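# Prediction below, plus the sequence it came from.
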Amino acid sequence: MTAQQTTYREAIRQALLDAMAEDDDVILIGEEVGVYGGAYGVTKGLIDIYGADRVIDSPISEAGIVGAAVGAAMTGLKPVVELMYVDFIGLVMDQLANQAAKSRYMFGGQIEVPMVLRTQGGTGRSAAAQHSQSLEAWMMHTPGLRLCMPATVNDGYHLLRDALRQRDPVCFIEHKGLYTMKGNLDTARADADWGQPAIRRTGGDITIVTYSRMVHEALKAADAMAEQGVEATVIDLRCLNPLDMAPILASVRDTGRAMVVTEAALTGSVASEIAARIGESCFDWLEEPVLRIGGEDIPIPVSPKLEAGSIPDAGLIAETGLWMMRRDTLAWA
Amino acid sequence: MNAQKNTAPLDRYRTMRRIRSFEERVGELFLRGESAGSMLHLSIGEEAVVGVTDAMGDGDTFTTHHRGHGVFLGRGADPARMMAEIGGKADGYCRGKGGSMHIASHALGHLGANAIVGGGIPHVVGAGLTYRNKGTGHVSVAFFGDGAMQQGILYEAMNMAALWRLPVIFCCLNNQYGMGTRIDRAVGKLAFGERAEAFGLQAAHADGTDVEEVHDTAQSLIADARGGKPGFLEISSFRFYGHARMDKSPYRTPEEEEEGRKRDPVLKARERLIESGLGSDADMERIDTKADDEMDAALESAVTASPPPLDTMFEDVFHPDSPAPAPQRDRLRAILTETP
């Protein structure tokens, strides 16, 4: 019996539990990962099972922790670092981008850094401008870093297990708004292969490409569009870098319309990159310009009303999709 | 002569002399237009670091700063492969991808030279965690300059090493200058050892003109580190030449340079060996000539070595099991030639 209903949080915890049981070299290190159980409870109880040498409560020294993980990975451990909020990545960027990401390359393939940086981002908790961002583009811009962002319970488990099988540094970004989401976990079956996007819904009229929590907004939007007779394909990127674009390009060439949705500030975002790739490779197949929908280009405000208003939702995605099919006029346009 | 005489000081002199000779030829490589760039930071004047590298054991690891040629040679590097790397050649330690500032050797425990000041320091903390968890008995040493003493990452690393009692040594090679800024213009209080002690580390200082003092001090600290008592070692020396190969040190007076270069660890070791009867003038001449010949050969082999094939630029971004990044022309060709 490998399938069960559980939460996104529990699925990620299960992945850590199973990885640590299988391999003594897997260690956890981070602020509050041990006794406290993780700021969002993902590592709860693991210190009781695996002890303080493998579940290491660290001082509040983000750069130092990631740097220590780099050295541990270079010498034979498989560290999983928890960075409490992706917003703290500014403190870590030298160790991540200059050290972890480049070591294999700079050293001519002699030294590898098989580590996972687990962190979480996104809005939804009125955590304000320094605890709510979506900064994946910073990592995607760095050659040598792998990047994945689970949107489903099953991916919470499988993407983390896959990340720990890589011999490269992997950034694994959870979404704080998904931890309590329930779904099906089948530990024997992943949603797709590592490096492949997952097609979450199939429709012939329009292709919506997105990832992380926005997958759920896109699916809601697709249901709303279906009521108007418009059928959307929803593609979840899952592994943002490296990424196999082929399934995405095939879908867009089929539908002729594409929309890329991100929660991050739009300028310079992952959505911008994916839209550019679609535009380059599907120009002759497109009926409409490739549209990007993203967070407003502002810091995240704390007021729940302002915060919610600053990021895309199903309504915006559906309205835009219907307009692209000329089934609706945009009330606000 | 006593058949059981201690030949280690003679060996250390030999290594120091090889470092001096190597660094001089790195300068020559540049002058001949054969180095990859001019980011070449010579460690002439700092050769007594051999006292530390000689106190380390098989399987011990280390990271260095950008001025790390001497440390690497001290840990057994092949000068020809080093010189080839500094020339950006395929036979170099990093296949021409890293160069002087990013040289490394997995086999020799060199976890990487670093061009970010302080960047490699926390890696020894991670190595220490590995040795603690696996019970290997190894120690990991971070080598860095006095400039890194002003970087925050050092103190994060020192705190973790002390907190977790890791087999780690922080070794500050204080050559008095961070690029063109003398240490007294960068630091409020010149007492580095006190800083380390404040974090709970065992701290020591050694005179960088005296390789034997450096060795004895390092040996004791490293032994303690293996037992879970991490340490800090400051070695004081004088950077004989500019920050990098192009730097003529206009911020120093000729008098300061002349005085500084009197603090020559290689010369001091040589004189002491002769005085103590461990080596004759002729013995020392032989060592010097051999070192120069070896480094001449390393220089020439680097000059004649082949550059890496162009397509190797896509290798080692990720593990070889996964697809390498595609060359841009392939992507452009596909876009421009495909039609519905």
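Okay, I see it. Residues are numbered from 1 along each chain as shown, chains lettered A, B, ... in the order given.
# From now on I want contacts and neighbour counts done on CA atoms only, so please keep to that.
Fine.
# residues in the stretch 151-300 of chain A within reach of chain B, list them.
With CA under 8 Å from any CA of the partner chain as the criterion, the stretch 151-300 of chain A meets chain B at residues A:167-168, A:280-281, A:284-285.
# Do you have the helices of the stretch 1-150 of chain A handy? List them.
Per DSSP state H, counting those that start in this stretch, the stretch 1-150 of chain A carries helices over the ranges A:8-22, A:46-50, A:62-74, A:89-93, A:103-106, A:136-140.
# go on, the stretch 201-333 of chain A?
Using DSSP H, counting those that start in this stretch, helices in the stretch 201-333 of chain A cover A:214-227, A:246-255, A:270-282, A:304-309, A:314-324.
# Out of those helices, which is closest to B:T64?
helix A:270-282 (35.5 Å; CA to CA).
# Chain B against chain A: which residues are in contact?
Counting by CA under 8 Å from any CA, chain B sits next to chain A at B:93-98, B:102-106, B:111-112, B:119-130, B:133, B:153, B:156-157, B:160, B:315-319, B:335, B:339-340.
# Put the buried members of those residues into a PyMOL selection.
To isolate the buried members of the residues of chain B next to chain A in PyMOL, using 16 or more other CA atoms under 10 Å in any protein chain shown:
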select buried, chain B and resi 93+94+95+96+97+98+102+103+104+105+106+111+112+119+120+121+122+123+124+125+126+127+128+129+130+153+156+157+160+315+316+317+318+319+335
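# Contacts for stretch B:304-324 next, please.
The contact list for stretch B:304-324 (CA atoms under 8 Å, 6 or more residues apart in numbering or on different chains) reads A:102, A:104-105, A:108-109, A:143-144, A:167-168, B:84, B:88-91, B:95-97, B:325-327.
# Show the backbone phi and psi for the most centrally placed residue in chain B.
By CA atoms, centre = their mean, chain B has its centre lying nearest to B:G68, at 2.1 Å. Main-chain torsions, B:G68, degrees, to the nearest 10: phi -110, psi 10.
# Which strand residues bridge the closest residue to it other than its chain neighbours?
In space, and not counting its chain neighbours, B:G68 is closest to B:A113: 6.7 Å by CA to CA, 6 or more residues apart in numbering or on different chains. Under DSSP bridges, the beta-bridge partners of B:A113 are B:T64.
# buried stuff in the helix or strand harbouring B:A282?
Per DSSP states H and E: B:A282 is located in helix B:281-304. Neighbour-count burial for helix B:281-304 flags B:284, B:287-288, B:291-292, B:294-296, B:298-299, B:301-303 (criterion: 16+ other CA under 10 Å).
# out of these, who's nearest chain A?
Nearest to chain A among the buried residues of helix B:281-304: B:A302, at 17.1 Å, using CA to the nearest CA.
# got a pLDDT number for A:L240?
We have a pLDDT of 97 for A:L240.
# hang on, B:F144 in a strand?
Yes: counting by DSSP: H, G, I helix; E, B strand; the rest coil, B:F144 is part of a strand.
# residues in contact with it?
B:64-65, B:117-118, B:121, B:170-173.
# Show me what it is bridged to.
Beta bridges link B:F144 to B:C172, judged by DSSP bridges.
# do you know how far it is from B:S220?
20 Å (CA to CA, to the nearest Å).
# cool, B:P340 as well?
Taken as CA to CA, the span from B:P340 to B:S220 is 73 Å.
# just for chain B, where's the confidence low?
B:1-4 (pLDDT under 70).
# can you give me the strands for the stretch 101-250 of chain B?
With strands called from DSSP state E, counting those that start in this stretch, the stretch 101-250 of chain B shows them at B:110-113, B:140-145, B:168-174, B:177-178, B:181-182, B:202-207, B:231-236.
# Can you check which of those strands gets nearest to A:A97?
When the strands of the stretch 101-250 of chain B are compared by CA to CA, strand B:110-113 sits nearest A:A97, at 15.1 Å.
# B:P122 reaches B:N159, doesn't it?
No: assessed by CA atoms under 8 Å, B:P122 is found out of contact with B:N159, at 10.4 Å.
# dump the residue contacts of the residue of chain A positioned farthest from its centre.
Most distant from the centre of chain A: A:T329, at 32.5 Å, with distances by CA atoms, centre = their mean. Each residue near A:T329 by CA under 8 Å, 6+ apart is listed here: A:W323.
# if I look at it, how far off is A:E319?
Applying CA to CA to A:T329 and A:E319 gives a distance of 8 Å.
# now A:I235
Per CA to CA, A:I235 is found 18 Å from A:E319.
# Compare neighbour counts for the two and give me the winner.
A:I235 (24 against 19; other CA atoms under 10 Å in any protein chain shown).
# between the contacts of B:F144, which is closest to B:E47?
B:L173 (10.2 Å).
# and that closest one, how many residues sit next to it?
Based on other CA under 10 Å, the number of other residues close to B:L173 is 26.
# surely it meets B:G147?
No: at 9.4 Å, B:L173 does not count as touching B:G147 under the criterion of CA under 8 Å.
# number of nearby residues for residue 21?
In the absence of a named chain, this looks at chain A. If you count neighbours by other CA under 10 Å, A:A21 ends up with 13.
# that's the wrong chain, I wanted chain B
Using other CA under 10 Å, B:S21 has 20 other residues around it.
# how far away is it from B:P79?
10 Å.
# who touches both of the two?
B:M295.
# where's the closest residue to A:L249 other than its chain neighbours relative to B:V49, distance?
Among residues not flanking A:L249 along the chain, A:I278 sits closest, at 6.4 Å (CA to CA, 6+ apart). Distance, A:I278 to B:V49, by CA to CA: 55 Å.
# now A:V153
53 Å.
# Between these two, tell me which one has more neighbours.
Higher neighbour count among A:V153 and B:V49: B:V49, with 30 against 26, using other CA under 10 Å.
# Now that one: phi and psi?
Dihedral pair for B:V49: phi -60, psi -20, per degrees, to the nearest 10.
# Quick check, it in contact with B:V71.
Yes: look at B:V49 against B:V71 with CA under 8 Å: they come within range, at 6.5 Å.
# of all the helices of the stretch 1-150 of chain A, which gets the most neighbours per residue?
helix A:62-74 (a mean of 30; mean count of other CA atoms under 10 Å in any protein chain shown).
# Look through chain A and tell me its longest strand.
As assigned by DSSP state E, the longest strand anywhere in chain A is strand A:258-265.
# what's the angle between that one and helix A:246-255?
130 degrees (axes from the mean of the first three to the mean of the last three CA atoms, to 10 degrees).
# ok, and what's touching strand A:258-265?
Against strand A:258-265 from outside (CA under 8 Å, 6+ apart): A:122, A:133-135, A:206-211, A:214, A:252, A:269-272, A:274-275, A:288-298, A:311-312, A:321.
# how about 6 Å then?
Residues outside strand A:258-265 that contact it (CA atoms under 6 Å, 6 or more residues apart in numbering or on different chains) are A:134, A:206-210, A:271, A:290-297, A:311.
# List the pairing partners of it within its sheet, with orientation.
Applying DSSP bridges to the sheet, strand A:258-265 is found paired with strand A:206-210 (parallel), strand A:291-295 (parallel).
# Flag the shaky bits of the stretch 151-300 of chain A, pLDDT-wise.
In the stretch 151-300 of chain A (pLDDT under 70), no residue qualifies.
# Can you name the residue of it nearest chain B?
For the stretch 151-300 of chain A, CA to the nearest CA, closest residue to chain B: A:S281, 5.4 Å.
# so who does that residue touch?
The contact partners of A:S281, taken as CA under 6 Å, 6+ apart, are B:I335.
# likewise B:C172?
Neighbouring residues of B:C172 by CA under 6 Å, 6+ apart: B:144-145, B:234.
# Distance to A:A15 added to these, as a markdown table?
Shown next, in a markdown table, are the contacts of B:C172 (distance: CA to CA, whole Å):
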| residue | distance to A:A15 |
| --- | --- |
| B:F144 | 38 |
| B:G145 | 42 |
| B:E234 | 44 |
